[in-house]
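Student: Have a look at this fold, sequence not included:
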């Protein structure tokens, strides 16, 4: 833990610092409330020890300011004027605990231990809530496919190492789920799991999202903020679709990986990052390196341990088991008495190309279970929308004597049918959303869409 000691007496600051460091924690000090508030703006602390009387300053006033700025930061108040009244006042002002002076190293150790256990429990609850958000079916990390089983084996054996991991694969293959599973099996499981979606923001906002910023560093920066790197301290930072990371930000990420250092936007002060990085992408990063859109040194730094998630169409031995898993979950969730799949629907599940992979399978099964009239699911229950699962139009297949544009349009229209949004479809197709929009407008103008 990183602990800030706020006291106007040097001897108290020094003695407390020594006791804290002897327990293996990091100690920092401030001799006034104002200095403490400045340090709290510039650094991240896990615990504050705050004196009730700081010269001309009232410790309870400082406590209330800390609680306003950092409501989740534990603050332990200590004072030489211990009484029931001061203890009640401190707790009412938001103190996490109370310690009278003089105190022994053992008393200090017990206080720190209680705060540490409480913080760990809170993080576990937050992680559990995050994992359970949306009432989604639990991830299934069993596989009858040797390639998938090998991927899980490599990742889970590497989970307890500090090495960066790179997970490759098409959209919808479960890269984010397996990244979370790696975190849960790692030595950082009690720490946070923080996700950053690299394509979701502009370069400026993504940089701020990652590293934080100072007030006034750009238009709209109305207050100091800490980014996702700071939020992931002591845990895992998951960079989703790392292949979309702008070139301008890549040197900063490389520095984070190599030196564990970063600066907030608009700040010259260097901060240390205690995070483990897992990255994922549906792009071919080696091709991006060759094209000059991804730094070679960053690629090799990320590529310490790399795996590729096979697409669902290459996992026939897993497909029906996953379909049964989703059916059981959603039938229980919606209370529909669905009794598996009939023979024809099972054949159709195996023959469908699943361009959206496991994500598409999940959505198809969920919809079918909701709308089914009970009994076994039929092909019409699964693929009523027609174009989403219908075979390609006659003559439209790879190697057919048709133009590339016809094949492309047919494929794009099929993906648009099953994707959650145009942005999701663009990720599945591996193209920019603006490119997808222009293609659709072109077809609309030509009367083909």
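Tutor: Great, that's in hand. Note that the structure is predicted; figures quoted are calculated from it, not measured.
Student: Can you pull out the residues in contact with stretch 424-444?
Tutor: 170-172, 199, 241, 282-283, 355-356, 408-409, 411-412, 415-416, 419, 422-423, 449 (Cβ atoms under 8 Å, 6 or more residues apart in numbering). Every C-beta, even on glycine, is put in place using the N, C-alpha and C of the backbone.
Student: Buried among those? Make that a PyMOL selection.
Tutor: A single PyMOL command is used to select the members of those judged buried by 16 or more other Cβ atoms under 10 Å:
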select buried, resi 170+171+172+199+241+282+283+355+356+409+411+412+415+416+419
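Student: Next step: the contacts of stretch 424-444 restricted to strands.
Tutor: Here DSSP state E is the test, and these give no hits in strands at all.
Student: Now the host helix or strand of residue 68: average pLDDT?
Tutor: If you go by DSSP states H and E, residue 68 is part of helix 59-69. Taken as a whole, helix 59-69 has a mean pLDDT of 88.
Student: Which other helices and strands does it contact?
Tutor: helix 33-42, strand 47-51, strand 75-79, helix 84-92 (3 or more Cβ pairs under 8 Å, 6 or more residues apart in numbering; DSSP states H and E).
Student: so what's residue 211 up against?
Tutor: Residues near residue 211 by Cβ under 8 Å, 6+ apart: 227, 229, 252, 262, 263, 264, 265.
Student: check contacts around the third one.
Tutor: Translated: residue 252. Per Cβ under 8 Å, 6+ apart, neighbours of residue 252: 207, 210, 211, 262.
Student: Is the first one in a helix, a strand, or coil?
Tutor: To tie it back to what came earlier, the one meant is residue 207. helix (DSSP: H, G, I helix; E, B strand; the rest coil).
Student: how many neighbours does residue 45 have?
Tutor: 18 (other Cβ atoms under 10 Å).
Student: How about residue 341?
Tutor: Using other Cβ under 10 Å, residue 341 is surrounded by 23 other residues.
Student: do the same with residue 153
Tutor: Residue 153, neighbours per other Cβ under 10 Å, totals 12.
Student: And residue 239, how far from residue 373?
Tutor: 44 Å (Cβ to Cβ, to the nearest Å).
Student: Compare neighbour counts for these two and give me the winner.
Tutor: Taking neighbours as other Cβ under 10 Å, residue 239 and residue 373 compare with residue 239 leading, 25 against 9.
Student: residues in contact with the more buried one?
Tutor: So residue 239 contacts 196, 198, 245, 253, 277, 278, 279, 280 (Cβ under 8 Å, 6+ apart).
Student: sorry, back to before: could the helices and strands packed on helix 59-69 be laid out in CSV, adding mean neighbour count, distance to residue 7 and mean pLDDT?
Tutor: CSV is the format used below for the helices and strands packed on helix 59-69 (neighbours: other Cβ atoms under 10 Å; distance: least, Cβ to Cβ, whole Å; pLDDT from 0 to 100):
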stretch, mean neighbour count, distance to residue 7, mean pLDDT
helix 33-42, 17, 10, 88
strand 47-51, 24, 4, 91
strand 75-79, 24, 8, 85
helix 84-92, 14, 15, 73
